[in-house]
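Participant: next come a sequence and a model predicted from it.
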Amino acid sequence: MDDLSFSQKFPFTEKARAILKKSNISIQSAPPEAVKKAALMVSRAAAGKQYLLEMNNPSEEILSHEIIAFPVAKMFVSAMSQPRIAEKFSMMIERNTFSHLSAAKNPRKLSIDLAEELGVKFLLAEKKEFFVEVPLLEYLKINFNDEELKLVNQSVLCGKVFLNGMDFARFLSEIAYKKVFDSLPIAGEDISREFKQMARSIETQIGSIERKEFDLKVSGKINPNFFPPCMKALYSDLAAGKKLSYAARVTVASFLYKVGFTQEELTALFAKSPDYKPHIARYHILRIFEKKLSAPGCKKIKEYGLKVKGCEQECGENHPLQYYMRKLRQSRRIAESPKPEKEISKAWSGGK
């Protein structure tokens, strides 16, 4: 049971792999409960959240399903085109690892067990203020996702990095991140057709959730439903984290600026792009605001190859802002139109 519990917490270890091998359960024919857990893992990862088993004394069956769910989740991730999903999934594992280590009854023992399982080179520190010492070259293997782990924040002497218990847990969590990230993606031929279909379904749901969540963050006066078809398509692609051409980015960014997006909202939207670079995005967004750039007209949008089917069917305007303003005015007229006499009298009479 101890090995099961350890493997559920750290499913990326050889111990977890050995348990799977011993169980003779094929990943491609994983139990439905494990597949559901795998889908939840990926969804949590995409949302930047943790996935932890919040249950006291789970049964062997539940722990086994959790262990099986991990490689299934890796297959889902590998079959998806969701931007940076491998990075997000690996980051979730890093956070989960740190949570398990820091919340353990005996965190130092668990950290040592995990370090030995991962083959990490370390020695227990002789100095009382530190827990372990790690060779500098070993320490430099990590990605330094956590600012706390940067060398400037550590004690380094004679080619060794001295870590307290908490920093060692952080270090091991980054090792977990690297191990998972380096193992992705799994080759397509090793993923069943059924899992690929499930992955597409999960990806669609994630994209829909992300668009809705972003729509809730923007100002109440902005209604994406009033965007012209071409801008609605570009906006949806950005909110779903798809990569756009330079012309497409400038076009949609200048349009969103004109309808009322703030610099912060635009930055948050562009941060979803798989090739997002903060300093470049800030430069272009600032330039739009400083020069008060407007979106190009429909003729130019057509030249850029950004028109969509709906443009011909719905839009008779020469500029995307004209379409938006027309829709906005229509909605206001409907909202402000007087109620029929019958409805007014009913309201005053208490609905009778």
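Facilitator: Received the coordinates, thanks.

Participant: what's the nearest residue to Ile285 if we skip its chain neighbours?
Facilitator: On the basis of CB to CB, 6 or more residues apart in numbering, the spatially nearest residue to Ile285 that is not a chain neighbour turns out to be Leu266, at 5.0 Å. No exception for glycine: its C-beta is placed from N, CA and C like everyone else's.

Participant: which pLDDT value belongs to that neighbour?
Facilitator: Reported pLDDT at Leu266 in the predicted model: 89.

Participant: Lys272 too?
Facilitator: pLDDT at Lys272 comes out at 84.

Participant: SS state for it?
Facilitator: Following DSSP: H, G, I helix; E, B strand; the rest coil, we place Lys272 in the coil state.

Participant: how close does it sit to Met75?
Facilitator: Spatial separation of Lys272 from Met75 under the definition CB to CB, to the nearest Å is 24 Å.

Participant: neighbour count: the two, which is higher?
Facilitator: Met75 (25 against 17; other CB atoms under 10 Å).

Participant: quick one: the helices in the stretch 201-350 of the chain, in order.
Facilitator: Per DSSP state H, counting those that start in this stretch, the stretch 201-350 of the chain has helices spanning 229-239, 246-259, 263-270, 278-291, 298-303, 309-314, 320-336, 341-348. These are given in chain order.

Participant: revised request: answer the last question for the stretch 51-200 of the chain.
Facilitator: For the stretch 51-200 of the chain, the helices defined by DSSP H, counting those that start in this stretch cover 60-79, 85-103, 107-118, 136-139, 165-182, 193-217.

Participant: output these as a markdown table; include the columns distance to Ala125 and mean pLDDT.
Facilitator: Putting the helices of the stretch 51-200 of the chain into a markdown table (distance: least, CB to CB, whole Å; pLDDT from 0 to 100) gives the following:
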| stretch | distance to Ala125 | mean pLDDT |
| --- | --- | --- |
| helix 60-79 | 32 | 95 |
| helix 85-103 | 17 | 94 |
| helix 107-118 | 12 | 97 |
| helix 136-139 | 14 | 97 |
| helix 165-182 | 10 | 96 |
| helix 193-217 | 43 | 78 |
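
Participant: to Phe6, which of those lies closest?
Facilitator: Evaluated with CB to CB, the helices of the stretch 51-200 of the chain place helix 107-118 nearest to Phe6, the distance being 7.0 Å.

Participant: who does that closest one touch, helix- and strand-wise?
Facilitator: If you count contacts as 3 or more CB pairs under 8 Å, 6 or more residues apart in numbering; DSSP states H and E, helix 107-118 packs onto helix 85-103, helix 165-182.

Participant: return the set of buried residues in that helix.
Facilitator: Residues Pro107, Leu110, Ser111, Ile112, Asp113, Leu114, Ala115, Glu117, Leu118 are the ones in helix 107-118 that count as buried (16 or more other CB atoms under 10 Å).

Participant: make TSV out of those and add distance to Lys141.
Facilitator: Putting these into TSV (distance: CB to CB, whole Å) gives the following:
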residue	distance to Lys141
Pro107	22
Leu110	21
Ser111	17
Ile112	18
Asp113	20
Leu114	15
Ala115	13
Glu117	16
Leu118	11
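
Participant: what number of residues lie near the residue lying closest to Arg282 once chain neighbours are set aside?
Facilitator: Nearest residue to Arg282 in three dimensions, chain neighbours excluded: Thr267, at 6.7 Å (CB to CB, 6+ apart). For Thr267, the count of nearby residues is 16 (other CB under 10 Å).

Participant: for Thr267, list the residues it contacts.
Facilitator: If you count contacts by CB atoms under 8 Å, 6 or more residues apart in numbering, Thr267 has them with Ala281, Arg282, Ile285.

Participant: buried ones from those, can you make that a PyMOL selection?
Facilitator: Only the buried members of the contacts of Thr267 end up in this PyMOL selection, burial being decided by 16+ other CB under 10 Å:
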select buried, resi 281+285
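
Participant: if we only consider the contacts of Thr267, which is nearest to Lys291?
Facilitator: Distances from the contacts of Thr267 to Lys291 were compared by CB to CB; the smallest belongs to Ile285, at 11.3 Å.

Participant: next up, the contacts around the residue nearest to Ile285.
Facilitator: Residues touching Leu266, when contacts are defined by CB under 8 Å, 6+ apart, comprise Ala253, Leu256, Tyr257, Ile285, Ile288.

Participant: do you know how far it is from His284?
Facilitator: The separation that Leu266 has from His284, given CB to CB, amounts to 9 Å.
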